[in-house]
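Predicted model and sequence follow; I will ask about them next.
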Amino acid sequence: MDVSAALALAGEGFSRRKIARLLGVSRNTLRKYLSDGAPQPPGGKLAGYLESVSTLLIDRPHARAMDVYRRLQAEGYAGSYDLVKRKVRALRRAEGGQAREPEPGVRATADLGRVETAGGACYLFTMALEYSGRIYAEMSARADLDAFLEWHLRAFRFFGGVPGEVAYEKSRNRLLKGFVGAADTHLPLARFALHYGFTPIGADLTAPWSTGRPKRPLRMIETLFLKGYPMQTLEGANTSLLGWLLGREASAPAGSAKDKFSREQAALRPLPKTHFAPFRLKLQEKGLA
């Protein structure tokens, strides 16, 4: 066995299982040479770049591990991406990144996608409360700005209140980019959010607690509900869908989802008494539509 190669891989952060597979030896054989007391290069090839990693994460807290890796490569780093990813994850964990727990009423995630049903393609909107996990979902044959805002309103009514923030993952979603805005929030959504008292934000995909979260409800519905559902009318399907979602929540371990939603509902902001006029209606009133 090439002991120097094993030590070098260990110094770059590879696990013993992966080193054994790469070198074609058993883990028992490897253990003889890589005991806990065996000398290993301190920090491996990343040792001289730790300050650059820390500085970059301070300047750009939401930078991806790949962004850090490319920056280090430009500085002469010749080590593996895996080691950089491990170090970025460790630094974020040390800063308490994984310790953050959702709080009642603080945030919901929203998503919109095109899905296939037995009756053909349609649009599916979902909004999920982060703390309790309660989901509102609605299918529609059309997707425009007025419908997008109306789905929010029906979700708030379903929850019994308004969360402090609604997060949108729009980096690869042309529909959300069009309704939310690619960079800043579009004015219609900004005014709608101001009226109902929530803040629209972009989902932080680099945070370990949010990875994949906005997409989960839509993918779950597409896989577990729509697959094989005998679609007849969208209205009937939407009623069945909400019943199915509440049924899944009720089947969760006793005292978990129901109690969490009760706490979250009490923390939601009340709906305003005045209704927000649809954006298209405002344009018509001004003679612009």
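Here it is on my side, so go on. Numbering: from 1, shown residues only.

Which secondary structure state does residue 172 sit in?
Taking DSSP: H, G, I helix; E, B strand; the rest coil as the rule, one finds residue 172 in the coil state.

Run a quick neighbour tally on residue 112.
Residue 112 has 24 neighbours, counted by other C-beta atoms under 10 Å. C-beta: built from backbone N, CA, C; applies to glycine.

ok so it is a helix residue?
No: counting by three-state DSSP, residue 112 is not found in a helix; it is strand.

Report the contact partners of it.
If a contact means C-beta atoms under 8 Å, 6 or more residues apart in numbering, then residue 112 has 123, 124, 125, 126, 143, 148, 173, 175, 176, 179 as its contacts.

I'd like the distance between the nearest residue to the third one once chain neighbours are set aside and residue 17.
Here the nearest residue to residue 125 in space, its sequence neighbours aside, is residue 151; by C-beta to C-beta, 6 or more residues apart in numbering that works out to 4.4 Å. Counting by C-beta to C-beta, to the nearest Å, the gap between residue 151 and residue 17 amounts to 47 Å.

So which of the two has more stuff around it?
Using other C-beta under 10 Å, the more surrounded residue of residue 151 and residue 17 is residue 151, with 21 against 10.

So which elements touch the helix or strand hosting that one?
Residue 151 belongs to helix 145-159 when assigned by DSSP states H and E. If you count contacts as 3 or more C-beta pairs under 8 Å, 6 or more residues apart in numbering; DSSP states H and E, helix 145-159 packs onto strand 107-117, strand 120-129, strand 135-140, helix 187-196, helix 279-285.

shaky segments in the stretch 1-150 of the chain?
1-5, 7-14, 22-23, 32-45, 59, 61-62, 93-101 (pLDDT under 70).

let's go with 50 and repeat that
Confidence mapping of the stretch 1-150 of the chain against pLDDT under 50 gives the ranges 36-42, 97-99.

show me where it has helices.
With DSSP state H, counting those that start in this stretch, the ranges of helices along the stretch 1-150 of the chain come out as 3-11, 16-23, 27-33, 50-59, 65-74, 81-94, 145-159.

so of the ones you listed, which one's packed in deepest?
helix 145-159 (a mean of 19; mean count of other C-beta atoms under 10 Å).

Any chance you could list what contacts it?
Helix 145-159 is contacted by residues 108, 110, 112, 125, 127, 129, 134, 136, 138, 140, 162, 166, 179, 188-189, 192, 196, 242, 265, 268, 271, 276, 278-281 when judged by C-beta under 8 Å, 6+ apart.

What's the ChimeraX syntax to select whichever of those residues are buried?
Command for ChimeraX that selects the buried part of the contacts of helix 145-159, burial taken from 16 or more other C-beta atoms under 10 Å:
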select :108,110,112,125,127,129,134,136,138,140,162,166,179,188,189,192,196,265,268,271,276,278,279,280
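
picking that back up, to residue 231, which of the helices and strands packed on helix 145-159 lies closest?
Comparing those against residue 231 with C-beta to C-beta, the closest turns out to be strand 107-117 (4.6 Å).

I am finished for the moment; much appreciated.
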